[in-house]
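Peer 1: Build me a model:
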Amino acid sequence: MSEARARQAAATGRAVPASFFTLQERARRASFRLLLLYAAAIAAIVACAILIVIPAYMATVSFGTFVDALWPFRPGLLYAKAPWAAYLGIGAVTLGAIALGSVEVLAHLSLGEAQLAYMLGGRRIAASSGIEQERRLLNIVEEMSIASGLGVPPVYLLNREEGINAFAAGRSTNQAIIVVTLGALQRLERDELQAVVAHEFAHILNGDIMLNLRAAYALQGVVFLSAIGRFMMRYYLTGTDEGRRFVHLPLAAAGAGLFAVGSIGLVFARLIQSTIAREREYLADACALQYTRNGDALCGALSRIALDDVGGRIRNWHADSLAHMLFASMTPADRPRWAAWFDTHPPVAERIRRANPHAGAGHFLDRAARAVRDERKRALAQAAERRDEADRAASKAPATIVPARLTSVAALIASIGEPTAEHCAHAAGVLAYLPARLREALQESEGAQAAVLGLLLDEDPQVGARQAAALESLGGTAIARRAADLAPRLRELGRPYRLTIVALAAPVLRGTDEAASSRFRTLLAAAIDADTRLTIGEFALRNVVEAQLGGNRTRIRTAHGRCANFRKEIGQVLSLLAHAGHAAELEVRQAFERGALATGLEGLALDARSSVAPATLNQALCALSGLAMQERETLLRAAAEAVAADGNVRLVEHELLRMLACMLECPMPPAISALDPRLLRA
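Peer 2: Residues are numbered from 1 along each chain as shown. Modelled structure (predicted):
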């Protein structure tokens, strides 16, 4: 059990899943419980609509019956006299409204995860942004991505939201986004903002984002009527023109009726969200502490939210259906005690207590209060201090990255989805180590494409010239020149940094339109094909690029398959790993047999070296994406056994291992901070 899992078990007194794979699988299974709650919410909304609308309907079509029901008070008479057509009509209209709300979210998200941020009025932060606060946020996200082995997700800013909040969303670990409010960007210090971002990365790595996205589809329909009713009341009751307000009074009354009908949906939405979110928030807090090893930062961010006038409030009308995704509750801290039953998040004081049991919530709340009072005075001093620190860091950039400790490859598999503070420190060192010119290139589209292509340009002048000619023949002259210019710097960094460069380029490449993305893929294939051979390193790089650009959306998405159903494909993958790391036939067979034994499958056959060319393995890798999450853990452990069979881990083997993990959506922390560099052989 990891440090975060152990802390969570001690704090809650209950058993906690021990691995990334178990959490991912449980998140998938939780969808069934969500479906049952959704059905109950729909039934309650329809019943509420009938209870409210039938009396109004009877008052319109049969006023005498309505009066008879009022005196003496006999409400059952109204429902008994109402025709069945009225019940069916009210039910159909209510169900249609619920469906309309869900379809609206589905329509938005069919265009990509970014639409979720746009629905809330957000904008994407450009990688080349020159605003200091935005650069700070991007730097934190890059550090966390490198540390966790993920491609850097696009970052969005809700620049009209003054509340302090954030969330992560996406269909998979390779398709996630991070969204932060303007209030969080402006009012949190760097270490506090890092704790918030680490919390959101925990949701990505724990499998919460897919469950949250499915809940958003359902909850937008559940809260749709209340949201429309609230909007109508606000719109038609606000204004300075009394005559206009009088004319619109019936519409405001209709809005009040819609809100009354939808309120039961809002109650169910809160219950569903609290069911989904509460324990997952505790676990994400514990994971954030593991990633950053800074409990005071997380407690400080929570305290600022508790003391802030706006708190974590997001005022966009879509926010109600997304409340379970957020870092903190949107309800004020001084809400009535009974309202806590419907809160989507645990109490701030309890989250602080669990994050730092040695200092009570009052300590952090008092400290945050003092910080808020002194905010303006400290702002200037902190800005000057940050500039000085940046200058000192630039002058002391490390000449190389030295691993903090040595770890076996099997331990890397165990660390999937659980980066540590050491990984974060390594990531910060990597970012400081990269040349400024390369960092600048990675911040814009053409430069990011050139950097990835530069990784493929051969050191041999003749082969490099053929690759450049192939790129120019496809209209990529400018990109080819930039790639050739960046290639020497990329070679100086060394091959171990290749996948880190791809991860840093990922958000910019994902932000291009479909035509530009297709053109880049064509150029990538041309650069690989121009040297007339497909090396294992090129194969691994291309597949990681495709996975992080979303090319795996066409893969099998059932994710319920067993290893026993993919014997041929698993045999091909283990054969590739065995041949890639060993030359002697005896060593190849020993490596394959060790990996096959770890799968628990009988009858796996070692393929000949000629039949496991990388070009023939794409179909096998696509099929393996249909494995259930815990079956993927078995496959990755078997792959690690094959790689480590001779006690040496060559760089090409490790690239293949990370490629396999990336394509299975099981992000592996970087190798450079965990493996003895003497074992990393090209």
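Peer 1: Helices of the stretch 501-650 of the chain, start to end?
Peer 2: Secondary structure of the stretch 501-650 of the chain, counting by DSSP state H, counting those that start in this stretch: helices at 514-529, 536-549, 567-581, 585-599, 618-624, 629-643.
Peer 1: same question, the stretch 201-350 of the chain
Peer 2: Under the criterion DSSP H, counting those that start in this stretch, the stretch 201-350 of the chain carries helices at the ranges 208-222, 224-237, 242-247, 249-292, 295-307, 348-355.
Peer 1: I figured residue 328 hits residue 302, correct?
Peer 2: Yes. Between residue 328 and residue 302 a contact is recorded at 6.9 Å, counting by CB atoms under 8 Å. To be clear about C-beta, it is placed using only N, CA and C from the backbone, and glycine gets the same treatment.
Peer 1: Spell out which residues are contacts of both of the two.
Peer 2: Where contact means CB atoms under 8 Å, 6 or more residues apart in numbering, the residues bridging residue 328 and residue 302 through contact with each are residue 348.
Peer 1: Quick check: pLDDT value at the nearest residue to residue 579 once chain neighbours are set aside.
Peer 2: Sequence neighbours aside, residue 609 is the residue nearest to residue 579 in space, at 4.9 Å (criterion: CB to CB, 6 or more residues apart in numbering). The score at residue 609 is 82. That number is its pLDDT.
Peer 1: Next: residue 555.
Peer 2: Residue 555 carries a pLDDT score of 45 in this model.
Peer 1: so what's residue 37 up against?
Peer 2: Contacts were defined as CB under 8 Å, 6+ apart; by that measure residue 37 touches 268, 271, 272, 275.
Peer 1: Nearest to residue 509 among the helices of the stretch 201-350 of the chain would be which one?
Peer 2: Ranking the helices of the stretch 201-350 of the chain by distance to residue 509, with CB to CB as the measure, places helix 208-222 first at 20.6 Å.
Peer 1: Quick check: mean pLDDT of the closest one?
Peer 2: Averaged across helix 208-222, the pLDDT comes to 80.
Peer 1: Now find how far off-centre it is within its chain.
Peer 2: In terms of CA atoms, centre = their mean, to the nearest Å, the centre of helix 208-222 is set 14 Å apart from its chain centre.
Peer 1: orientation of it relative to helix 249-292 in degrees?
Peer 2: Angle between the axes of helix 208-222 and helix 249-292 is 170 degrees (criterion: axes from the mean of the first three to the mean of the last three CA atoms, to 10 degrees).
Peer 1: and helix 208-222, which residues are buried?
Peer 2: Neighbour counts using 16 or more other CB atoms under 10 Å place 208-222 of helix 208-222 among the buried residues.
Peer 1: For residue 351, list the residues it contacts.
Peer 2: Contacts for residue 351 were tallied using CB under 8 Å, 6+ apart; they are 281, 282, 285, 302, 345.
Peer 1: For the residues you listed, pick the one with the most neighbours.
Peer 2: Ranked by neighbour count under the definition other CB atoms under 10 Å, the contacts of residue 351 are headed by residue 302 with 30 neighbours.
Peer 1: Give the closest residue to that one in space, chain neighbours not counted.
Peer 2: Computed as CB to CB, 6+ apart, the closest residue to residue 302 that is not its neighbour in sequence is residue 348, at 5.0 Å.
Peer 1: Measure how buried the one you found is and give me the count.
Peer 2: 22.
Peer 1: returning to what we had before: from the contacts of residue 37, which is closest to residue 482?
Peer 2: For residue 482, the nearest member of the contacts of residue 37 is residue 272. The distance, counting by CB to CB, is 49.9 Å.
Peer 1: which residues touch that closest one?
Peer 2: With the criterion set at CB under 8 Å, 6+ apart, residue 272 makes contact with 34, 37, 38, 41, 215, 218, 219, 222, 324.
Peer 1: Then residue 483?
Peer 2: Neighbour list for residue 483: 449, 450, 451, 453, 454, 457, 468, 471, 527 [criterion: CB under 8 Å, 6+ apart].
Peer 1: Now tabulate the residues you listed in JSON lines and tack on pLDDT and secondary structure.
Peer 2: Conversion of the contacts of residue 483 to JSON lines gives the following (pLDDT from 0 to 100; DSSP: H, G, I helix; E, B strand; the rest coil):
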{"residue": "449", "pLDDT": "93", "secondary structure": "helix"}
{"residue": "450", "pLDDT": "93", "secondary structure": "helix"}
{"residue": "451", "pLDDT": "93", "secondary structure": "helix"}
{"residue": "453", "pLDDT": "93", "secondary structure": "helix"}
{"residue": "454", "pLDDT": "92", "secondary structure": "helix"}
{"residue": "457", "pLDDT": "89", "secondary structure": "coil"}
{"residue": "468", "pLDDT": "89", "secondary structure": "helix"}
{"residue": "471", "pLDDT": "91", "secondary structure": "helix"}
{"residue": "527", "pLDDT": "91", "secondary structure": "helix"}
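Peer 1: so which of the residues you listed is the most crowded?
Peer 2: Neighbour counts for those, by other CB under 10 Å, peak at residue 527, which reaches 29 neighbours.
Peer 1: So it versus residue 444, what's the distance?
Peer 2: When distances are taken as CB to CB, to the nearest Å, residue 527 and residue 444 turn out to be 20 Å apart.
Peer 1: show me where the protein has strands.
Peer 2: Along the chain, counting by DSSP state E, strands occupy 123-124, 155-158, 166-170, 176-181.
Peer 1: right, and the ones you listed - which one's nearest residue 438?
Peer 2: Here strand 155-158 is closest among the strands of the chain (CB to CB), at 19.9 Å.
Peer 1: Sheet partners, orientation included, of the closest one?
Peer 2: Strands that pair with strand 155-158, judged by DSSP bridges, come out as strand 123-124 (antiparallel), strand 176-181 (parallel).
Peer 1: got the helices of the stretch 201-350 of the chain as JSON lines, with distance to residue 22 columns?
Peer 2: As requested, those are exported to JSON lines (distance: least, CB to CB, whole Å):
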{"stretch": "helix 208-222", "distance to residue 22": "13"}
{"stretch": "helix 224-237", "distance to residue 22": "35"}
{"stretch": "helix 242-247", "distance to residue 22": "57"}
{"stretch": "helix 249-292", "distance to residue 22": "12"}
{"stretch": "helix 295-307", "distance to residue 22": "24"}
{"stretch": "helix 348-355", "distance to residue 22": "21"}
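Peer 1: Which residue, other than its chain neighbours, is closest to residue 498?
Peer 2: Leaving aside its chain neighbours, residue 498 sits nearest to residue 455 (5.3 Å; criterion: CB to CB, 6+ apart).
Peer 1: oh sorry, the question was meant for residue 276
Peer 2: That would be residue 324: by CB to CB, 6+ apart, it lies 5.1 Å from residue 276.
Peer 1: Report the contact partners of the one you found.
Peer 2: Contacts of residue 324 were listed using CB under 8 Å, 6+ apart, and they are 212, 215, 219, 272, 273, 274, 276, 277, 344.
Peer 1: Give me the number of neighbouring residues for the last one.
Peer 2: Right, the one you point to is residue 344. Number of residues near residue 344 (other CB under 10 Å) recorded here: 25.
Peer 1: so it makes contact with residue 326?
Peer 2: Yes. In this structure, residue 344 sits in contact with residue 326. The criterion is CB under 8 Å, and the distance is 7.5 Å.
Peer 1: out of the helices of the stretch 201-350 of the chain, nearest to residue 605?
Peer 2: Counting by CB to CB, residue 605 lies closest to helix 208-222 out of the helices of the stretch 201-350 of the chain; the figure is 35.2 Å.
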